[in-house]
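Visitor: Provide a 3D model corresponding to the input given below.
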Amino acid sequence: MFGRLQLYIIAGIFLFGILSAGYYSWRSGIEGEALLEYNQQQLEQSIKDKAAMEKQITDIDNVKKEVEAKNEAEKKAFKEKLESISIELSSKQVVDSDRPASKVLKDTVNKLKDVVK
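Guide: Residues are numbered from 1 along each chain as shown. Predicted structure coming up:
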C-alpha cells in the first residue's frame, strides 16, 4: 500500500518535525538564558544605584544636620546680640540722654523694621 517514496516522504517530514522542534527548543533556551542574564545585570545595576542613592541621601542628611546646627548657633548669637543691645538701650545713661527723634528717622526705622522680617 505504501511505496518506498511515500515512506521516505513521511520519514523526511517526521525528521524535519523533530529537527525543527529541537532547533526551536534550543533557540528558546538560549533566548531564556540571555533574558535571565540581562535581568541579572539589571538587578545588579539597580542594587548599585540604590546603594549610591542611599549614600547621597546620607550625605545630604549630614549636610542638613550641619546646616541646622550652624543655624542654631547663629540664632543663639543673634539673640544674645539683640539682648545686649536691648540691655544697652535700657541702661540709665541711654535713657537719660534720650531725646525725640525726627519724623524722617522714625519713618526710616519703621521701613527697615518691616524689611528685616
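Visitor: helices of the protein, residue ranges please.
Guide: Defined through DSSP state H, the helices belonging to the chain, from first to last, are 4-90, 92-96, 103-116.
Visitor: what sits up against the helix or strand of the chain with the lowest mean pLDDT?
Guide: Scoring the helices and strands of the chain by mean pLDDT, DSSP states H and E places helix 92-96 at the bottom, with a mean of 72. The contact list for helix 92-96 (CB atoms under 8 Å, 6 or more residues apart in numbering) reads residue 88. All C-beta atoms are positioned from the backbone trio N, CA, C, and that covers glycine.
Visitor: please apply the same query to stretch 50-59.
Guide: Around stretch 50-59, nothing counts as a contact under CB under 8 Å, 6+ apart.
Visitor: how far does stretch 4-21 sit from its chain's centre?
Guide: Distance of stretch 4-21 from its chain centroid, counting by CA atoms, centre = their mean, to the nearest Å, is 62 Å.
Visitor: buried stuff in that stretch?
Guide: Of the residues in stretch 4-21, none is buried by neighbour count under the rule 16 or more other CB atoms under 10 Å.
Visitor: just the C-alpha atoms of it, please, in PDB.
Guide: Presented in PDB, the C-alpha positions along stretch 4-21 are these (Å, rounded to 0.1, in the frame of the first residue of the first chain):
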ATOM      1  CA  ARG A   4       9.200   3.400  -0.800                       C
ATOM      2  CA  LEU A   5       8.800   7.000  -1.900                       C
ATOM      3  CA  GLN A   6       5.900   7.700   0.400                       C
ATOM      4  CA  LEU A   7       7.800   6.100   3.300                       C
ATOM      5  CA  TYR A   8      10.800   8.400   2.600                       C
ATOM      6  CA  ILE A   9       8.400  11.400   2.400                       C
ATOM      7  CA  ILE A  10       6.800  10.600   5.700                       C
ATOM      8  CA  ALA A  11      10.100   9.800   7.400                       C
ATOM      9  CA  GLY A  12      11.500  13.100   6.000                       C
ATOM     10  CA  ILE A  13       8.500  15.100   7.300                       C
ATOM     11  CA  PHE A  14       8.900  13.300  10.700                       C
ATOM     12  CA  LEU A  15      12.600  14.000  10.800                       C
ATOM     13  CA  PHE A  16      12.100  17.600   9.700                       C
ATOM     14  CA  GLY A  17       9.500  18.000  12.500                       C
ATOM     15  CA  ILE A  18      11.900  16.600  15.100                       C
ATOM     16  CA  LEU A  19      14.800  18.700  14.000                       C
ATOM     17  CA  SER A  20      12.500  21.900  13.900                       C
ATOM     18  CA  ALA A  21      11.200  21.200  17.400                       C
END
